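Asker: Mind folding the following:
(one chain, ligands or ions: 1)
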Amino acid sequence: MYEGRDGKVASLFMPGEKKWNTTLVRQNFVQEDADAILETRIPQRDVADQVVWVHSSNGAYTAKRAYHFWYESNIGLHATPSCVGWKRIWHLNIPHKIKVFVWRYCRNVVPVRWRLNSRGIRIPITCPMCETDVEHMIHLFYDYSFATECWNHVGLTYDWSQVECAHGWLLQKLTDAKAEELLKICMVLWGIWYWKNKKVWDGKVVTAAFAMDSSFQILAQ
Ligand SMILES: [Zn+2]
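Answerer: Numbers count the residues shown, from 1 in each chain. The predicted structure follows:
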């Protein structure tokens with residue numbers, strides 16, 4: 001590991017300048033690392049060095065979030081339809097396409113941007129609804145104002161700070177929620193997903209109240 005004059009990134013700059021000291025970088029790092037360093041843009045303003053975490057758009061790291069990403073990457077994919085409530089999906093009084101969506105949600109295979117990206121599909125990972133965080137399961141369905149307003153609009157309030165795994169939470173609800181609550185949960189999840197895609201593909205932006213009312217109208221048809 002490069003120790004440098006004082007262990008700081010700036011010790012790899014040309015003296016008094018904000019440019020990489022190419023010779024010094026190449027002397028101290030193997031080619032692959034040196035190339036990566038030299039490709040990195042140096043901010044021209046004075047900013048303190050900081051450790052950032054790539055799974056968060058603001059670089060902030062939290063243990064809960066790290067657990068969430070670890071879970072989605074390792075265990076989530078192997079979620080198996082073993083819980084008692086699993087079969088309830090197919091008995092819900094909702095359209096078939098929404099059942100399929102809920103089933104995919106429980107299998108943890110909803111193609112949120114973070115997941116697509118981790119599969120090598122190079123698309124932006126930022127949530128298109130709020131553009132302030134990474135689009136992962138817990139974020140998209142629970143963790144920003146539009147999602148919160150959707151849940152509030154249909155009269156469902158949960159303590160999302162306790163939810164560590166999006167599909168695990170739903171599997172639990174499939175096991176113990178009453179039919180009316182479960183129906184609402186499924187419609188909210190589907191509604192958020194539907195209107196997120198509407199925004200991405202059609203540029204259509206609606207309020208949470210409109211999104212939920214129009215989603216629930218499907219049930220009345
Ligand atoms: Zn968002």
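
Asker: Would you tell me what the next helix or strand after whatever helix or strand Leu140 lives in is?
Answerer: Using DSSP states H and E, Leu140 maps to helix 137-142. Going down the chain from helix 137-142, the next helix or strand is helix 145-153, by DSSP H and E.

Asker: Please identify the buried residues of that following helix?
Answerer: Within helix 145-153, the residues that count as buried by 16 or more other C-beta atoms under 10 Å are Phe146, Ala147, Cys150, Trp151, His153. Heads up, the C-betas are built off the backbone N, CA and C, glycines and all.

Asker: follow-up on the earlier one: quick one: the helix holding Leu140 near the ion?
Answerer: No. Using C-beta under 5 Å from the ion, helix 137-142 stays clear of the ion, with a minimum separation of 5.6 Å.

Asker: And for the residue lying closest to Asn93 once chain neighbours are set aside, the neighbour number?
Answerer: Distances taken as C-beta to C-beta, 6 or more residues apart in numbering place Leu183 nearest to Asn93, at 6.7 Å, with adjacent residues excluded. Residues near Leu183, counting by other C-beta atoms under 10 Å, number 17.

Asker: could you turn stretch 129-136 into PDB, dropping everything but the C-alphas?
Answerer: Only the C-alpha atoms of stretch 129-136 are listed here, as PDB (Å, rounded to 0.1, in the frame of the first residue of the first chain):
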ATOM      1  CA  MET A 129     -38.800   9.500  -8.600                       C
ATOM      2  CA  CYS A 130     -36.700  11.500  -6.100                       C
ATOM      3  CA  GLU A 131     -33.300  11.600  -7.800                       C
ATOM      4  CA  THR A 132     -31.600  11.600  -4.400                       C
ATOM      5  CA  ASP A 133     -30.900   8.000  -3.700                       C
ATOM      6  CA  VAL A 134     -30.100   4.600  -5.200                       C
ATOM      7  CA  GLU A 135     -33.200   2.800  -6.600                       C
ATOM      8  CA  HIS A 136     -33.200  -0.300  -4.600                       C
END
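
Asker: Serialize the buried residues of helix 145-153 to TSV and add fields for pLDDT and distance to Trp195.
Answerer: Listed next are those as TSV, based on pLDDT from 0 to 100; distance: C-beta to C-beta, whole Å:
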residue	pLDDT	distance to Trp195
Phe146	97	8
Ala147	97	10
Cys150	97	9
Trp151	97	14
His153	97	12
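
Asker: can you list those in CSV and add distance to Arg113?
Answerer: Shown next, in CSV, are these (distance: C-beta to C-beta, whole Å):
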residue, distance to Arg113
Phe146, 16
Ala147, 15
Cys150, 19
Trp151, 21
His153, 24
